[in-house]
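> please work out how this folds:
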Amino acid sequence: MLSELTTAAVGGPAGTYIEARTEAEIIDAVRAADAAGQPLLIISGGSNLLISDDGFPGTVVRIASEGFTVNAEDSCGGVAVVVQAGHNWDKLVEHAVLHAWSGIEALAGIPGSTGATPVQNVGAYGSDVSQTIAAVRTWDRERNAVKTFTNSELKFGYRDSILKQTTSNGSPRYVVLTVEFQLPIGRMSAPIRYAELARSLGVEQGKRAYSTDVRREVLRLRSSKGMVLDPEDRDTYSTGSFFTNPIVPAGVAAALPDKAPRYPAGQDGLVKLSAAWLIDQAGFGKGFGLEQDSVSGGRASLSTKHTLAITNRGSAKAADVVAVAREVRAGVERRFGITLHPEPLLIGLEL
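As a prediction, this is how the structure comes out:
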């Protein structure tokens, strides 16, 4: 069952399941599925994925390649490290911090594989992978050839990239094989951009801290929100943040109450809002859905620690998670006129 491969622990059976541990095995598995005309789903860490209770009727390829190589390391140019797509992301962050490779320390504790990070332009606490990725090597299924993207060619945006834009229902045109990072050498972090993290570290926003301290505080903050995987904590059985922070015209943001958080969106005339604040202010507090008479019968709910995660309380189906998501999205739209959009890939499901 695909529920065994996802952090939300939901999802039905796979038509065909293949585990690929090398680049050659990944390419062979994808080519075979395409040659047979089979629908294809790529999965690795399973942390940003919600799969239907009916499962996936085609071929599921689990990317299980691991390891990395250091192609260059010097005090001027930094470290060029090429990472296999299936390599655990947090293990890479830990290694980087312990070896004084700077730039990804604020992304500690994010579940999933390294190959998934450029697809979604994974980010947290004011940092995202677009700031350190140099290149991504992929298998182009349309051209039946290897294609390498430079950073600028990846067209990174907020939780977006060309890799995501060319993916349909979990089936990508470009299957990630390796990701190359360019990381400065040093024990100090990248500038701390996120106010909560800066306060936690006792530094001014925009200043640096020791990378080891940043990683420790990020893990503490994430754990307090149920965002670090823990088999004993049902609040961590989720896809992570279920909704992206809305980016809206400045006029829409101005119509919200003064206390509504607002952040730069990186584009003129646009403002980024806090999805968690909107959800809470629309009447959906932590633990919403736990009641037996709720839309999910108490099987799925908002996390008891953080309103952005929809959690499996132990016996949830994908339909239960979606039911909670629909209720929350509809409530936010009624209250504020703003439509929330899901962050995880929905396979065989619609909100």
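> need phi/psi at residue 309.
When read as degrees, to the nearest 10, the backbone of residue 309 gives phi -100, psi 140.
> mind checking what helix or strand follows the longest strand seen in the chain in sequence?
Secondary structure of the chain per DSSP state E: the longest strand is strand 174-183. Later in the chain than strand 174-183, the nearest helix or strand by DSSP states H and E is helix 195-201.
> now do that following helix: which elements does it pack against?
helix 211-224 (3 or more CB pairs under 8 Å, 6 or more residues apart in numbering; DSSP states H and E). To be clear about C-beta, it is placed using only N, CA and C from the backbone, and glycine gets the same treatment.
> so how far is the helix it packs on off the chain centroid?
17 Å (CA atoms, centre = their mean, to the nearest Å).
> do you know the pLDDT at residue 149?
Looking at residue 149, its pLDDT reads 98.
> where does it land in three-state SS?
Secondary structure, DSSP: H, G, I helix; E, B strand; the rest coil: residue 149 is strand.
> that one bridge partners, please.
Per DSSP bridges, the residues bridged to residue 149 are residue 136.
> go ahead and confirm it touches residue 135.
Yes: Residue 149 is within contact range of residue 135, at 6.4 Å (criterion: CB atoms under 8 Å).
> find residues that contact each of those two.
Taking CB atoms under 8 Å, 6 or more residues apart in numbering as the contact rule, residue 149 and residue 135 have no neighbour in common.
> what's the burial count for residue 92?
For residue 92, the number of neighbouring residues by other CB atoms under 10 Å comes to 23.
> how far off helix 211-224 does whichever helix or strand it is part of point, in degrees?
If you go by DSSP H and E, residue 92 is part of helix 89-98. Helix 89-98 runs at 150 degrees relative to helix 211-224, counting by axes from the mean of the first three to the mean of the last three CA atoms, to 10 degrees.
> which ones are touching residue 58?
Applying CB under 8 Å, 6+ apart, the residues contacting residue 58 are 15-16, 33, 38-41.
> go through those residues and flag which are in helices.
In helices, defined here by DSSP state H, the members of the contacts of residue 58 are residue 33.
> and residue 226, how far is that from residue 57?
Separation of residue 226 from residue 57 (CB to CB, to the nearest Å): 32 Å.
> the more surrounded of these two?
residue 226 (23 against 16).
> please report phi then psi for the residue lying closest to that one once chain neighbours are set aside.
Of all residues beyond its chain neighbours, the one nearest residue 226 is residue 235 (3.3 Å), with distances taken as CB to CB, 6 or more residues apart in numbering. Dihedral pair for residue 235: phi -70, psi -10, per degrees, to the nearest 10.
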